[in-house]
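>>> What follows is a predicted structure for the sequence shown.
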Amino acid sequence: MAGIQIREGKAPFEIPSIAEPCFTYYKIIGDLASGAPPVVVVHGGPGAGHEYLLTFADLWWDDGLPVVFYDQIGCASSTHLPQKAGDQSF
């Protein structure tokens with residue numbers, strides 16, 4: 001493995017009942033094209049983001065497994081929808 005590969009961005013998605021654009025923040029450590037199965041790391045909540053789980057990036061260094069982190073909707077760097085607080089149908 002040469003150097004560590006880090007890619008991050010925002011994956012857009014639509015919610016029909018919401019006019020504003022929505023997105024999920026993601027960070028990928030490693031090479032998804034390597035053929036190794038990726039590990040998707042899901043954080044707890046509510047409100048916490050992926051940052052406290054970044055030690056799982058060692059799976060790339062130690063085992064060559066690409067690691068995908070993301071922030072769930074309403075958390076950290078993903079879209080927050082305060083207008084949906086308490087909306088059980090959402």
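On my side now, so go ahead.

>>> Which residues does the residue nearest the centre of the chain form beta bridges with?
Nearest residue to the geometric centre of the chain (CA atoms, centre = their mean): Tyr70, 0.7 Å. Taking DSSP bridges as the rule, Tyr70 bridges to Tyr26.

>>> Make sure it is actually in contact with Leu53.
No. Assessed by CB atoms under 8 Å, Tyr70 is found out of contact with Leu53, at 10.5 Å. (Glycine included, C-beta is placed from N, CA and C.)

>>> Show me the shaky parts of this protein.
1-2 (pLDDT under 70).

>>> what about the helices in it?
Listed in chain order, the helices of the chain (DSSP state H) span 58-63.

>>> what about the strands in it?
Secondary structure of the chain (DSSP state E): strands at 6-13, 22-29, 39-41, 67-70.

>>> Remind me what the shortest one packs against, helices and strands.
If I follow you right, that is strand 39-41. With contacts taken as 3 or more CB pairs under 8 Å, 6 or more residues apart in numbering; DSSP states H and E, strand 39-41 sits against strand 67-70.

>>> and Leu81, which of the strands of the chain is closest to it?
strand 22-29 (7.6 Å; CB to CB).

>>> got the angle for the closest one vs strand 6-13?
160 degrees (axes from the mean of the first three to the mean of the last three CA atoms, to 10 degrees).

>>> What residues of strand 22-29 count as buried?
Buried residues in strand 22-29, counted by 16 or more other CB atoms under 10 Å: 22, 24-29.

>>> Could you do stretch 66-86 as well?
Those buried within stretch 66-86 under the rule 16+ other CB under 10 Å are 66-73, 75-79.

>>> I'd like to check what contacts it. Which residues are they?
If you take CB atoms under 8 Å, 6 or more residues apart in numbering as the criterion, stretch 66-86 is touched by 10-11, 15, 18, 20-32, 34, 36, 38-43, 45-51, 53-54, 56-57, 59-60, 90.
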